[in-house]
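Student: sequence plus the predicted model coming up.
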Amino acid sequence: MRRLRQHDWTRRLVRETSLTPADLIWPIFVREGSGTDEPVASMPGVSRYSVERAVEVAREARDLGIPVIALFPFTTRDKRDEGGTEALNEGNLVCRATRAIKEAVPEVGVLCDVALDPYTSHGHDGIVREGRICNDESVDVLCRQALTQAKAGCDILGPSDMMDGRIAMIREALDAEGFRDTMIMSYAAKYASAFYGPFRDAVGSNDLLKGDKRTYQMDYANRDEALREAAQDIAEGADMIMVKPGLPYLDIVARLAAEFEMPTFAYQTSGEYAMIAAASQNGWIDGERAMMETLSAFKRAGAAGILSYFAPKAARMLREG
């Protein structure tokens, strides 16, 4: 065995898993205003971008060989309400950023999040009535949000809400309005996780959340349930499926990829990113090696691609060899 490990070139020759910039999706946060980028305190090296800066980021993605940008809005308190109505505003941050990116850099794909938590005053992904998240009422609003984003030019919709039946309803709504080519990347197995905290900070909902999301996001102790969720979303018309978080759920990534043999993605979440970035800043680990090791782990498990805040840094390293 060691004869094949003795040189860099032999290790590269027999390497079973490869990672390229084309395997990466770069999630970015957009904000109102212009000028300097606004750092996210809980995510070292990550910032919120104004719309014009988001266009520059898309150009950077193109130059690095990253095929897709994922957009998430920082929504101020004055634009949040119980029903998340800002999500339906054709002039909201995500729609403006989508139109600007598609006009300036059409060769870069845009993935938009379909969920209400960046827009609600209570921080939940759906409509809340008497302390209960209402499934069907939420799906109706999510369909309208999906159409709003499709009209803005979004290429891939990413329903992350975990409401039952939403993939079928969104697909039906898209097709009825002539958006047959708009793709759906379903967050098929999204777990109620402790690894989302920095993301909620980045979109402005961290201290708004009332209660928790365990009545609609998955129990982290469950594995077979992920197969049922994925099978349902695929049957309803999803083009791609996703597992979130990523690294603590590599077994789920591997099982879904093997079971369904369709494009399966992993989301290296904000908490996963923050742990590596903070430990690296403190000199406790080699951040670059940890970054590449974890990204390769997703590919080894069978992921077709990875959503990661490390995307630009990893792409630069890969291009430089």
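Tutor: Structure's in. What do you need? Numbering: from 1, shown residues only.

Student: give me the nearest residue to A173, chain neighbours excluded.
Tutor: Leaving aside its sequence neighbours, A173 sits nearest to C143 (CB to CB, 6 or more residues apart in numbering; 4.3 Å). Just so you know, the C-beta spots here come from the backbone N, C-alpha and C atoms, and that holds for glycine as well.

Student: the one you found: which element?
Tutor: helix 135-152 (DSSP states H and E).

Student: what's the first helix or strand after that helix?
Tutor: Sequence-wise, the next helix or strand downstream of helix 135-152 (DSSP H and E) is strand 156-159.

Student: mean confidence for that following strand?
Tutor: The predicted model assigns strand 156-159 a mean pLDDT of 98.

Student: what of stretch 19-36?
Tutor: 95.

Student: would you mark the buried spots in that stretch?
Tutor: Of all the residues in stretch 19-36, those buried under the rule 16 or more other CB atoms under 10 Å are L19, P21, D23, L24, I25, W26, P27, I28, F29, V30, R31.

Student: which of the residues you listed sits closest to D136?
Tutor: Proximity of these to D136 was ranked by CB to CB; the top entry is P27 with 28.9 Å.

Student: can I take it that that closest one is in a strand?
Tutor: Yes: secondary structure of P27 (DSSP: H, G, I helix; E, B strand; the rest coil): part of a strand.

Student: contacts only, for the nearest residue to F74 once chain neighbours are set aside.
Tutor: Spatial nearest neighbour of F74, excluding adjacent residues (CB to CB, 6+ apart): R31 at 4.4 Å. By CB atoms under 8 Å, 6 or more residues apart in numbering, the contact set of R31 is E38, R48, Y49, S50, P73, F74, L93.

Student: so what touches the helix holding C143?
Tutor: For helix 135-152, contacts defined as CB under 8 Å, 6+ apart pick out 83-84, 87-90, 92, 94-96, 98-99, 112, 114-116, 125-127, 129, 157, 159, 161, 163-166, 169-170, 173-174, 177, 179, 182, 216.

Student: what subset of the residues you listed is buried?
Tutor: When the contacts of helix 135-152 are checked for burial by 16+ other CB under 10 Å, the buried set is 83-84, 87-88, 92, 94-96, 98-99, 112, 114-116, 125-127, 157, 159, 161, 163, 166, 169-170, 173-174, 179, 182, 216.

Student: pull the CA atoms of the helix holding C143 into PDB?
Tutor: The C-alpha trace of helix 135-152 is given here as PDB (Å, rounded to 0.1, in the frame of the first residue of the first chain):
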ATOM      1  CA  ASN A 135     -48.400  23.600   6.500                       C
ATOM      2  CA  ASP A 136     -50.900  24.200   3.700                       C
ATOM      3  CA  GLU A 137     -51.200  28.000   4.200                       C
ATOM      4  CA  SER A 138     -47.400  28.200   4.200                       C
ATOM      5  CA  VAL A 139     -47.100  26.200   0.900                       C
ATOM      6  CA  ASP A 140     -49.500  28.700  -0.700                       C
ATOM      7  CA  VAL A 141     -47.200  31.600   0.200                       C
ATOM      8  CA  LEU A 142     -44.100  29.600  -0.800                       C
ATOM      9  CA  CYS A 143     -45.500  29.000  -4.300                       C
ATOM     10  CA  ARG A 144     -46.100  32.700  -4.700                       C
ATOM     11  CA  GLN A 145     -42.500  33.400  -3.500                       C
ATOM     12  CA  ALA A 146     -41.100  30.800  -5.900                       C
ATOM     13  CA  LEU A 147     -43.000  32.500  -8.800                       C
ATOM     14  CA  THR A 148     -41.700  35.900  -7.800                       C
ATOM     15  CA  GLN A 149     -38.100  34.600  -7.900                       C
ATOM     16  CA  ALA A 150     -38.600  32.800 -11.200                       C
ATOM     17  CA  LYS A 151     -40.000  36.000 -12.800                       C
ATOM     18  CA  ALA A 152     -36.800  37.800 -11.600                       C
END
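
Student: and that helix, how far out from the chain middle?
Tutor: Remark: helix 135-152 is offset 17 Å from the chain centroid, using CA atoms, centre = their mean, to the nearest Å.
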